[in-house]
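>>> next input, structure requested:
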Amino acid sequence: MPEEAGVTRAEPLLPRISVIIPMRNEEGNVAPLIAEIANALEDEAHEIIAVNDGSTDETGTVLVNLRGTYPQLRVLHHAENRGQSAAIRDGARLARGEILCTLDGDGQNNPAFLPAMIRLLESDPAIALVQGQRVGRTDTGFKKFQSKIANKVRGAMLKDGTRDSGCGLKVMRRAAYLRLPYFDALHRFTPALMVRDGHKIAHLDVLDRARGSGVSNYASLARAKVAIVDLIGVWWLVRRRKPDTPTREEN
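Numbering: from 1, shown residues only. So this is what the prediction gives:
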């Protein structure tokens, strides 16, 4: 389990919304991103759970120092890099809000879209996930091409109606998320597994932004190769899902 930095302040309101941000070596992006989230959700009872995922720069120090400015900020520390899915899972397990919001720690996901995504989630109790779908992507041409092909293959196999499952902007019901099977790439297959569990999902187009500073810390060729195995595994899970059988207790 991650270690949470000690907090001595009083927190009078139980948060309704928990924002979870996995961060690895994002010292230059921490402060502006936390400020944007706090501004976007200023009218909501919320908490921000930043997971310092084994950073080797000053990400952890910057986060701890920001707690004095943002009383809703909680900081979790992974002693070593465990990956995005583990960071999100640990944050979700400790979250107190019934609604979870996730976004990447590099500043490319704009928190200004969170209120609209929350409203969309709450418009229908059957919706368990609102998945952001990026438009105007700022990645390199090769990376966009690679992502487009990957999403087409994934969509054809999993049939979850999502064209961009890799977008970090997600808003979902905590209870539904915690019932999903956990594995290393869960954050990329959340829409398919929500559908597998019988939930409705919704989508919202979101504008992509350039990274604030630094370089990507969660993408690699090795990860792309493993993603093929993950895709086959999720396809198997979806196909093997059996509908729940109604039961009746005898008196």
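>>> quick one: the strands in the chain, in order.
With DSSP state E as the criterion, the chain has strands at 3-4, 17-23, 46-53, 73-78, 99-102, 127-135, 170-173, 200-207.
>>> any idea of the angle the last one forms with strand 127-135?
For strand 200-207 against strand 127-135, the angle between stretch directions is 30 degrees (axes from the mean of the first three to the mean of the last three CA atoms, to 10 degrees).
>>> check the average confidence over strand 200-207, would you?
In this model, strand 200-207 carries a mean pLDDT of 96.
>>> so who does Asp104 touch?
Shown in contact with Asp104 (CB atoms under 8 Å, 6 or more residues apart in numbering): 21-22, 168. Yep, even glycine has a C-beta here, placed from its N, CA and C like the rest.
>>> the most centrally placed residue in the chain pairs with what?
Centroid check for the chain by CA atoms, centre = their mean gives Thr102 as the closest residue, at 3.2 Å. In this entry, Thr102 is beta-bridged to Ile20, Lys170, by DSSP bridges.
>>> doesn't Ser18 make contact with it?
No. Counting by CB atoms under 8 Å, Ser18 is not a contact partner of Thr102; they are 9.5 Å apart.
>>> reformat the contacts of Asp104 as JSON lines; add pLDDT.
Below are the contacts of Asp104 laid out as JSON lines (pLDDT from 0 to 100):
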{"residue": "Ile21", "pLDDT": "98"}
{"residue": "Pro22", "pLDDT": "97"}
{"residue": "Gly168", "pLDDT": "94"}
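>>> what stretches of the stretch 1-150 of the chain score poorly on pLDDT?
Residues of the stretch 1-150 of the chain meeting the criterion pLDDT under 70: 1-13, 137-150.
>>> where along it do the helices fall?
Using DSSP state H, counting those that start in this stretch, the helices of the stretch 1-150 of the chain run over 30-40, 59-66, 84-94, 114-122, 141-158.
>>> deepest-packed of the ones you listed, please.
Most buried of those, by mean neighbour count (mean count of other CB atoms under 10 Å): helix 84-94, with a mean of 21.
>>> can you give me the neighbour number for Arg96?
Neighbours of Arg96 under the rule other CB atoms under 10 Å: 16.
>>> which residue sits closest to it, ignoring its sequence neighbours?
Nearest residue to Arg96, sequence neighbours excluded (CB to CB, 6 or more residues apart in numbering): Pro15, at 5.4 Å.
>>> and if you look at Thr162?
Here the residue nearest Thr162, using CB to CB, 6+ apart, is Pro191, at 4.2 Å.
>>> wait, doesn't the one you found sit right on His199?
No. Using CB under 8 Å as the test, Pro191 is too far from His199 to be in contact (9.6 Å).
>>> intersection of neighbour lists for those two?
Residues within reach of Pro191 and of His199 at once, by CB under 8 Å, 6+ apart, are Leu129.
>>> quick one, which of those two is more surrounded?
Taking neighbours as other CB under 10 Å, Pro191 and His199 compare with Pro191 leading, 25 against 18.
>>> against Asp208, how distant is the closest residue to Gly97 other than its chain neighbours?
Using CB to CB, 6+ apart and skipping residues adjacent in sequence, the residue nearest Gly97 is Ser18, 3.6 Å away. Taking CB to CB, to the nearest Å as the measure, Ser18 falls 24 Å from Asp208.
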